[in-house]
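Novice: predicted model, plus sequence, below.
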Amino acid sequence: MKLGMDHIGQITDEKLKFLQQMGVEGIMANLEGRADDAGYHSFPRLMNLKTRVAAYGMELAAIGGNTPWSWHYKWMLGLPGRDEQIENLQRTIRNMGAAGIPIYTYNIHALRYYRTSSYAPVRGGALSTSFDADLVRNAPLFASGGANTELIPEEHRRPISDEEMWDNLRYFLNAVMPVAEEAGVTMAMHPDDPQVPQIGGVARIMRSPEAFRKLIEMFPSENNKLLFCVGCFTEMGADVPAEIRYFGERDKLAWVHFRNIKGTTEKFVETFPDEGDADMVAVMKAFRDAGYRGHFAPDHHIRVEGDSDWGHRYWAYGLGFIRGMLLSVKSQGS
């Protein structure tokens, strides 16, 4: 089990040095698009990033996040042009395989990440994010928490059901999974967050443990796995250690977001990892007992006093918390 990091944003030497000093072993890069990439991440860009990260003693372990959103929304929503977007992602995956980058994390957040507040007070007046489903029950069609939905023509703005979203996901994976298998790249699905049935008329299908069981049964491939977000599964009201054991014993865990929340799917606030509803000690023991050997990363930085825009102070806390947990469960044996 290894210390990881994502949510890095623009990768700089300062950040890489900081992460090296914190003991991070592998990072996930969420790359934005560039004009010369033509809708996919080129081999030279990926290889250059890999060697840059390696120069600081770390592994470029994953590429993730369906970034930029403009490269992915058509396949998620089943819009004209989805085949071109899928072909471009196939190019990215082949280039990842050639560069030796083993994991691609993705999601089907058709309207992207959504929170109703970024100013929720937590311990000591630190500011976090929160969600209240009552505030979005009357959200306009295709209302978004971050995506450039103006790209979607009016004639394609209509409610999209669970069944349609599952069809879109199936279409996508039928095309992408064989390429991932050939390239030796693991596809790791992130849960919808929050896990309400729909926002802005668009269904959010990856909202329960049962949805992930359906996903791995639908595509019984060694390359079809989960990005297991502890916060998301806690929001679902799941027995988190039991779900870790279920997926871990089937070798379906590719990356872990180690964060905590208070509340339920309908209304929650993100917390410091030591004060939320999830028993993080039991969670970490479950990962150990299930045989997980991958990376653990803190997720969604809380804005603490005097921090940088990126969140150096919070990330130091989050990484240190995970490091302590890893050392503790390792010392207890398997």
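Specialist: Received, thanks. A quick note: this is a predicted structure, and the numbers were derived from the prediction, not measured.
Novice: in the protein, which spans are strands?
Specialist: In the chain, the strands defined using DSSP state E lie at 2-5, 26-29, 59-64, 103-106, 117-121, 127-132, 186-189, 198-199, 202-203, 224-229, 253-257, 260-263, 267-271, 295-297.
Novice: nearest to Ser161, of those strands?
Specialist: Shortest distance between Ser161 and those, using CB to CB, is found for strand 202-203: 5.6 Å. (C-beta placed from N, C-alpha, C; glycine too.)
Novice: helices of the stretch 201-334 of the chain, start to end?
Specialist: 209-218, 230-235, 240-248, 280-289, 312-331 (DSSP state H, counting those that start in this stretch).
Novice: return the set of residues that bridge with Pro121.
Specialist: Taking DSSP bridges, one obtains Leu127 as the residues bridged to Pro121.
Novice: ok so, going back, would CSV of the helices of the stretch 201-334 of the chain with mean pLDDT and mean neighbour count be doable?
Specialist: CSV is the format used below for the helices of the stretch 201-334 of the chain (pLDDT from 0 to 100; neighbours: other CB atoms under 10 Å):
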stretch, mean pLDDT, mean neighbour count
helix 209-218, 97, 16
helix 230-235, 97, 26
helix 240-248, 98, 20
helix 280-289, 96, 19
helix 312-331, 94, 17
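Novice: quick one on the thing from earlier: ok, and which of the strands of the chain has the densest surroundings?
Specialist: strand 295-297 (a mean of 27; mean count of other CB atoms under 10 Å).
Novice: quick one: list the elements packing against that strand.
Specialist: Applying 3 or more CB pairs under 8 Å, 6 or more residues apart in numbering; DSSP states H and E, we find strand 295-297 packed against strand 2-5, strand 26-29, strand 253-257, helix 312-331.
Novice: in a markdown table: those, plus distance to Ser130.
Specialist: As requested, those are exported to a markdown table (distance: least, CB to CB, whole Å):
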| stretch | distance to Ser130 |
| --- | --- |
| strand 2-5 | 24 |
| strand 26-29 | 25 |
| strand 253-257 | 17 |
| helix 312-331 | 16 |
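Novice: residues near Asn107, how many?
Specialist: 21 (other CB atoms under 10 Å).
Novice: surely it and Asp192 touch.
Specialist: Yes - assessed by CB atoms under 8 Å, Asn107 is found in contact with Asp192 at 7.1 Å.
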